[in-house]
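Chemist: Just need the structure, nothing else, for what follows:
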Amino acid sequence: MLLPEWLSDAWARTQMVRVLEDGMGGGPLADRKVLVQLADPTRVSRARELTTNGQFTGDICRCLGGLTVALYDADDRILRSGTVHGHGSISWERSRFADDLELAEPTALALFLSECGVTGQLLSLFTDLVMALGYYENSDAPQFRPAGVPAVLADRQVPNPLRDMLVSVAGNTAANLPEEQVRVLVQRLAVAESDPIARAEALVGWLGRLPYPTEALWGEGVLVRQLLAALPEADIVTAAATGEPVVALGALNWAVHQPDDRAVAAAIAPTLRRLLP
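Modeler: As a prediction, the model looks like this:
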């Protein structure tokens, strides 16, 4: 039986879908942690659509996958399983078919899984969003913001009340500022802008404009995430929903460093669907 026919037959008998922890190296399916269980026919149908629509590549990804999608019949017997690989492909019964499916709607699958309760899905979208917005670091430019260049602070839209303190601080140094200096920055920003949602929007916008990956993850990005830590998560989520692409990128950067990214994923989902396939 060819893979498309095999998939169609399996899904026709599927009554339950479980998303399991780990990919091909995770051990027996029965022993895996169940991240989410889908029994509602509408959600089962959507899971089928998102994991079977696309183009077969005739090749396989060399990684073992991050999640497993397992199909069960009416008697709760396992039918088939596939492993999700990064952002964009799924491998159904790889040892048998060795033919990955490049998904038609990879962003929609990540957001669907998040909506169903699987955390950690935004990480798979990070690089694609960076590339779509043009914030991947230039190989000819310094990896960290140099000290003493006010124009860079302006370009990144660092909040005005913080610029005089940061202009003499290089990006890699900003990641290691003493706690007392970070507190001063938090206080300055609070005095200048009393609305916490406006502060959150300014900070995630700044975070979104940092070159990825070095500055955004390990340089000035560390400082911005420390400043965001002084704000309630609900205000950050509200700010994330503005629809501005660079704010969505900054919110994503913040969210992937949190234990649960689902609230931010829901807030920026419309923006991500507009920008990514």
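Chemist: what stretches of the chain score poorly on pLDDT?
Modeler: Residues of the chain that meet the criterion pLDDT under 70 lie in 1.
Chemist: now with 80?
Modeler: For the chain, residues meeting the criterion pLDDT under 80 lie at 1, 86-87.
Chemist: just so I have it, where are all the strands in it?
Modeler: Taking DSSP state E to define them, one finds strands in the chain at 16-21, 34-38, 54-56, 67-72, 78-85, 89-92, 101-103.
Chemist: Packing partners of the third one?
Modeler: This points to strand 54-56. strand 101-103 (3 or more CB pairs under 8 Å, 6 or more residues apart in numbering; DSSP states H and E). Just so you know, the C-beta spots here come from the backbone N, C-alpha and C atoms, and that holds for glycine as well.
Chemist: Note down every partner strand of the strand it packs on and its orientation.
Modeler: strand 54-56 (antiparallel), strand 89-92 (antiparallel) (DSSP bridges).
Chemist: Pull the residues that contact it.
Modeler: Outside strand 101-103, the residues that touch it by CB atoms under 8 Å, 6 or more residues apart in numbering are 50-57, 88-92, 109.
Chemist: closest to residue 202 out of the strands paired with strand 101-103?
Modeler: For residue 202, the closest of the strands paired with strand 101-103 is strand 89-92, at 37.0 Å, according to CB to CB.
Chemist: Contacts for that closest one next, please.
Modeler: Here strand 89-92 makes contact (CB under 8 Å, 6+ apart) with 3, 6-7, 24, 51, 54, 57, 60-61, 65, 69, 80-85, 99-103, 106.
Chemist: Just the buried ones among those residues, please.
Modeler: With neighbours counted by 16 or more other CB atoms under 10 Å, the contacts of strand 89-92 contain buried members at 7, 51, 54, 61, 65, 69, 80-85, 99-101, 103, 106.
Chemist: residues contacting the residue lying closest to residue 124 once chain neighbours are set aside?
Modeler: Using CB to CB, 6 or more residues apart in numbering and skipping residues adjacent in sequence, the residue nearest residue 124 is residue 87, 4.0 Å away. Contact partners of residue 87, counting by CB under 8 Å, 6+ apart, are 106-107, 110, 124-125, 127-128.
Chemist: re the thing from before, could the strands of the chain go into TSV alongside distance to residue 156?
Modeler: Below are the strands of the chain laid out as TSV (distance: least, CB to CB, whole Å):
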stretch	distance to residue 156
strand 16-21	37
strand 34-38	36
strand 54-56	37
strand 67-72	35
strand 78-85	34
strand 89-92	34
strand 101-103	34
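Chemist: if we compare the strands paired with strand 101-103, which one ends up closest to residue 200?
Modeler: So among those, strand 89-92 is nearest, using CB to CB, at 34.4 Å.
Chemist: Against residue 129, how distant is the residue nearest to residue 124?
Modeler: Plainly put, residue 87 is 10 Å away from residue 129 if you go by CB to CB, to the nearest Å.
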